[in-house]
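Trainee: structure for this input, please:
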Amino acid sequence: MSAKAASVGPVPVPTRPEELRNVVLVGHSGSGKTTLFEHLVAAAVPEHRPRPTDDERSIQMAVASVATNGVVLNLIDTPGYPDFVGELRAGLRAADAALFVVSASEGVDAATRALWQECAALGTPRAVAVTKLDVARADIEGTVALCREAFGDLVLPLYLPVRSGPAVVGNLGLLTRQVYRCVDGEPVLSPAGPEHEAVLETHRGPLIEAIIQESEDDTLLERYLGGEEIGLDTVIADLMTAVSRGTFFPVVPVSTASGVGLGELLHLFAAAFPPPTMHPLPTAMTPAGRALPPLQCDPDAPLVAEVVRTTNDAYVGRVSLVRVFSGTMRPDTVVHVSGHLAGFAGHEVEGHDDHDEDERIGLLSSPLGETMRPKPDAIAGDLCAVAKLSRAETTDTLSSKDSPAVVEPWVLPEPLLPVAIRPATKSDEDKLAGALQRLVAEDPTMRLEHNAETHQVVLWTMGQAHVDVLLERLRERYTVTVETEPLRVPLREAFIVPSSGHGRHVKQSGGHGQYAVCDITVEPLPRGGGFEFVDKVVGGAVPRQFIASVEKGVRAQAERGCLAGFPMVDFKVTLTDGKAHSVDSSDMAFQTAGALALRDAVSEATVALLEPVDSVKVVVDDDHVGPVMTDLQTRRGRVLGTEPDGTGWTTVHAEVPESEIVRYAIDLRSVSHGTAGFTRERIGYEQMPAHLAKAHLPD
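Mentor: Residues are numbered from 1 along each chain as shown. Model (predicted):
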């Protein structure tokens, strides 16, 4: 979303929420969403020229607000590539209905099936657009059959394409018995001819029966099956109601080359998709956490809005795409900005500190792809772009200064691919922190970590393409060049057999010297046993005041590590003997002796390296369970079991060393053909195999 200003047609300004439709385009990468988006905008705004699809559009959301069929349509294009699912989630949050775009030559992938089920759980109204009808292997009836298999029996075509040779020249309306053509950009209707009767005979009856089954008139189906002719107006009214309720899902064939299907889709959006007044709104509360009354999509109510996307424009700075849930947003008014991402996540989210502050709204704009057109206000249910809202981040709530509120943010995908970075030069080091903060503010699917153990800056991302985009933005947008480096996994040291150590610290250089001697025994404890210190000195060999000094020295050395520089865990130290000097012994001398004693007890025979182990849950299509389990075993993983859910998906439970799943987000996508996702949680440490541990030991 760029802030380039231009004048392309009048700016649509709705006066009531009922005049609004918010529709998001979703589907797999390559299905033709962006091309369809551009041609739909051009069909509604003749001055708009469709932009060719480019790499930038394939990774980020685009929004166009247009007037069509008596409504204001906010059309949202989302990326289909899985690395940019954060943009998809933002689009779903901003919309009230979804258009699934399916290629006639490629069918339905597992990710699209999963997204359909997710929308079904939320009750989101949906329709299907079948694209790429002009390619050689396009099969509309086969594609509809695949959609019904993937999405359910209530996915049925309202139209079927009319061809002249390989080209699609029109759509046959199964209900209306009309042929819809597009000639020089203008719709042309004509009655169906005799050549269409066989198609109508095959498809019209099942379509009408399915629509009537969803009718609110319980007697209608019985009357229809009894032979009564149901009026077309009644059937169409029931169709629109069923679509708006999310219980019937029409299929519309589209050819962007000829313009066929564009007008039909725009009419469907206006007539069948619901206004924002019918869409459930998120839960609102005060910044202190007290519940507020349910939000109402009412322009006269107190303002509650949400930042669904943040970008940084080279000319105007930060640009926020805002969905208004309640009230009316106006320029030059002060709003309360509230961000509590960490609070909702239940843990600290680096780069997203909780904040509450007031800020003045600047210019409001109506987006049309790259173009921004000034608009006077944004009412409840509308989308708008706000320039220079410097304190607001993606997922933040904007509300009335007098009635501050926070809405629960949408579910954000967990970034699971870590990449460690370092600045390329001293100049880059000076600018890196600020640039990373701005990246995090605009992209909540990226998590920033400053690892205190490995001293690395780690970006947690959605995949390699996401990594490439983030590094390019650092370089191009913020002039910061970084280099990647191998991710260091924090290991631990632990005793595996009992041992003993002798620590002697004696120095004399004139005046007071340093004198401390201690003897210890060390025993391993069970994993998670922590550290124990026991005093068994007899006869005052180590004076009472220096016992704690020995323990302090042992603890400090354990933190630094003895074998390979990693913290030492799960062991018991017993102080058995020692020597002191009446003048030269001191707290510091016995700390040093304790540290030396622990180091003396350590060798490759007595101490081993421990590696962190994660509990991993993989949710995968049933067809790919076997390859996923085999792959986990090659990563030294222990597969604990599987749980089929009966709907075609299985959860695989395993325990895997962290070092083996650094790149798992990428590898799993390949093994499962893009059908799987996973979660991970550290559960503890286990001994690393000796042949792998050697790489971490000093030469």
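
Trainee: can we go C-alpha only for contacts and neighbour counts from here?
Mentor: Noted.

Trainee: which residues touch F533?
Mentor: Applying Cα atoms under 8 Å, 6 or more residues apart in numbering to F533 gives the contacts E551, K572, V573, T574, L575.

Trainee: tell me the SS of it?
Mentor: Classification of F533 using DSSP: H, G, I helix; E, B strand; the rest coil returns strand.

Trainee: about what we covered before: now for the contacts of F533: which two are most distant?
Mentor: Maximum pairwise distance in those, criterion Cα to Cα, is 11.0 Å, between E551 and K572.

Trainee: thinking again about what came up before, of the contacts of F533, keep whichever come out buried.
Mentor: Neighbour-count burial (16 or more other Cα atoms under 10 Å) applied to the contacts of F533 gives E551, K572, V573, T574, L575.

Trainee: in TSV, list those residues along with pLDDT and distance to M285.
Mentor: Output for the buried ones among the contacts of F533, formatted as TSV (pLDDT from 0 to 100; distance: Cα to Cα, whole Å):
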residue	pLDDT	distance to M285
E551	97	50
K572	97	50
V573	97	52
T574	97	55
L575	97	57
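
Trainee: redo those residues as TSV? Include secondary structure.
Mentor: What follows is the buried ones among the contacts of F533, written out as TSV (three-state DSSP):
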residue	secondary structure
E551	helix
K572	strand
V573	strand
T574	strand
L575	strand
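
Trainee: for these, which one is nearest D667?
Mentor: D667 lies nearest to K572 out of the buried ones among the contacts of F533, by Cα to Cα, at 41.0 Å.

Trainee: who are the contact partners of the closest one?
Mentor: K572 makes contact with V522, E523, P524, L525, F531, E532, F533, V534, according to Cα under 8 Å, 6+ apart.

Trainee: need the residues you listed in CSV (columns: distance to F325 and pLDDT).
Mentor: Converted to CSV, the contacts of K572 look like this (distance: Cα to Cα, whole Å; pLDDT from 0 to 100):
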residue, distance to F325, pLDDT
V522, 63, 97
E523, 62, 97
P524, 59, 97
L525, 56, 96
F531, 54, 97
E532, 57, 97
F533, 60, 97
V534, 63, 96
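
Trainee: just the buried subset of these, please.
Mentor: Here, 16+ other Cα under 10 Å leaves V522, E523, P524, L525, F533 buried among the contacts of K572.

Trainee: between those, which is closest to K694?
Mentor: Of all the buried ones among the contacts of K572, K694 sits closest to P524, with 21.0 Å by Cα to Cα.

Trainee: identify the residues contacting that closest one.
Mentor: Applying Cα under 8 Å, 6+ apart, we find P524 in contact with A494, F495, I496, V497, P498, D570, F571, K572.

Trainee: mind redoing it with 7 Å?
Mentor: F495, I496, V497, P498, D570, F571, K572 (Cα atoms under 7 Å, 6 or more residues apart in numbering).

Trainee: make a PyMOL selection of the buried ones in these.
Mentor: Per 16+ other Cα under 10 Å, the buried members of those correspond to this PyMOL selection:
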select buried, resi 495+496+498+570+571+572
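
Trainee: looking at the contacts of P524, which are in helices?
Mentor: Using DSSP state H, the subset of the contacts of P524 located in helices is empty.

Trainee: looking at the contacts of P524, which is nearest D377?
Mentor: For these, the nearest to D377 is D570 (62.6 Å; Cα to Cα).

Trainee: pretty sure that closest one contacts E532?
Mentor: No. D570 is beyond contact range of E532, at 8.3 Å (criterion: Cα atoms under 7 Å).

Trainee: could you tell me how far V639 is located from R204?
Mentor: For V639, the distance to R204 equals 51 Å [Cα to Cα, to the nearest Å].
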